[in-house]
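In: This is a predicted model, with the sequence first.
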Amino acid sequence: MNFHVLTLFPEMIEQGMHTSIIGRAIAGGYLSIDAINIRDYAFNKHQKVDDYPYGGGAGMLMQAEPVYLAYESVQKKLGYRPRVVYLTPQGEVFHQTMAKELAKEKDLVFLCGHYEGIDERVLDEIVTDYVSIGDYVLTGGELPAMIMIDAISRLVPGVLHNDVSAEFESFQDNLLEYPQYSRPEVWHDRKVPEILMSGHHANIEKWRREQSVIRTAKNRPDLLEKAELTEKEKKLAEEVQKEVKKSL
Ligand code: 6GU
């Protein structure tokens, strides 16, 4: 899969995406990430990319033409019109199902805004998907683009080892992960839960599932509606939520 990031800060993308699993996947040829500097497409004396908004208001806007020309350079190279994701707090909030859908594309373009945004006309012309990563305001679209690239990349075949990839299914069940422990058996007077030392795999699986239900009920009760729970698990979740309400 090939990612093309249109940005005023290409070094941020380049430095952020070449470590750990994503870096290895790029080295292994499973992914490519190309950062395109929008400023290289500002064909005026001072390579200016921003201007005042018509009608007044605070701050500056990114102008349409450099953004368009940067996009066009990618589109011409590919020979087709790829999906273009514009990172904006005004977009649909990113989630795992969206990551799964975007992972099917061969190429994805990310458009990162700065200042107070981008001239609406170029967005109308090139953007196919408006995406936000959550309800808070950031200074630019680079971190959101990197977050999306990370989440999408781990779904691309070959990027993760297969045993790890099954692991993420638990979030797809709309339950949070259970707690995990490694050596030593006792650390700072805290002991690993006895059941995990028992070697009894069926009981361990049962315990882990319960822990997932408990955590989800405590931290993300909104997810429970979509989770497929047995009657016993529903009761457990209700009890946890009652306890949480009492402690408030
Ligand atoms: Cl995608 N961009 C910016 N600038 N801020 C955000 C965001 C995106 N998602 C949440 N906050």
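Out: Looks like it arrived, so ask away. Numbering: from 1, shown residues only.
In: Can you get me the start-to-end distance on stretch 104-122?
Out: 25 Å (C-alpha to C-alpha, to the nearest Å).
In: typo on my end, stretch 32-49
Out: End-to-end for stretch 32-49, by C-alpha to C-alpha: 26 Å.
In: Return the set of buried residues in it.
Out: 33-38, 41-42, 49 (16 or more other C-beta atoms under 10 Å). (Each C-beta comes from the backbone N, C-alpha and C, glycine too.)
In: which residues are contacting the longest helix anywhere in the chain?
Out: When the chain is parsed with DSSP state H, its longest helix is helix 201-219. Under the contact criterion C-beta atoms under 8 Å, 6 or more residues apart in numbering, helix 201-219 has outside partners 170, 174-179, 193, 195-196, 198, 223-224, 227, 229, 233, 236-238, 240-241, 244.
In: coming back round to it: quick one: the buried residues of stretch 32-49 as TSV, columns for secondary structure and distance to the ligand too.
Out: Converted to TSV, the buried residues of stretch 32-49 look like this (DSSP: H, G, I helix; E, B strand; the rest coil; distance: C-beta to the nearest ligand atom, whole Å):
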residue	secondary structure	distance to the ligand
33	strand	18
34	strand	20
35	strand	17
36	strand	18
37	strand	19
38	helix	15
41	helix	21
42	coil	21
49	coil	16
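In: what does the protein put close to the ligand?
Out: 87-89, 132-134, 136-138, 140-141, 144 (C-beta under 6 Å from any ligand atom).
In: mind listing which of those residues are in helices?
Out: residue 144.
In: Mind picking the two most distant members of the residues of the chain next to the ligand?
Out: With C-beta to C-beta as the measure, no two of the residues of the chain next to the ligand lie farther apart than 134 and 140, at 14.9 Å.
In: Neighbour count: those two, which is higher?
Out: Ranked by neighbour count (other C-beta atoms under 10 Å), residue 134 and residue 140 place residue 140 first, with 16 against 11.
In: Apart from its neighbours in sequence, what residue is nearest that one?
Out: residue 114 (4.5 Å; C-beta to C-beta, 6 or more residues apart in numbering).
In: what does residue 102 give?
Out: Residue 102 sits nearest to residue 152 (C-beta to C-beta, 6+ apart), 5.2 Å away.
In: that older thread, can I get the longest helix of the chain in PDB? Just the C-alpha atoms.
Out: Extracted in PDB, the C-alpha atoms of helix 201-219 (Å, rounded to 0.1, in the frame of the first residue of the first chain):
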ATOM      1  CA  HIS A 201      -6.300 -22.800  29.300                       C
ATOM      2  CA  ALA A 202     -10.100 -22.900  29.400                       C
ATOM      3  CA  ASN A 203     -10.200 -21.200  32.800                       C
ATOM      4  CA  ILE A 204      -7.600 -18.600  31.600                       C
ATOM      5  CA  GLU A 205      -9.700 -17.800  28.600                       C
ATOM      6  CA  LYS A 206     -12.800 -17.500  30.800                       C
ATOM      7  CA  TRP A 207     -10.900 -15.100  33.200                       C
ATOM      8  CA  ARG A 208      -9.600 -13.000  30.300                       C
ATOM      9  CA  ARG A 209     -13.000 -12.600  28.800                       C
ATOM     10  CA  GLU A 210     -14.500 -11.500  32.200                       C
ATOM     11  CA  GLN A 211     -11.700  -9.000  32.600                       C
ATOM     12  CA  SER A 212     -12.500  -7.600  29.200                       C
ATOM     13  CA  VAL A 213     -16.100  -7.200  30.100                       C
ATOM     14  CA  ILE A 214     -15.200  -5.600  33.500                       C
ATOM     15  CA  ARG A 215     -12.800  -3.100  31.900                       C
ATOM     16  CA  THR A 216     -15.200  -2.200  29.100                       C
ATOM     17  CA  ALA A 217     -18.000  -1.700  31.600                       C
ATOM     18  CA  LYS A 218     -15.800   0.600  33.700                       C
ATOM     19  CA  ASN A 219     -14.000   2.600  31.000                       C
END
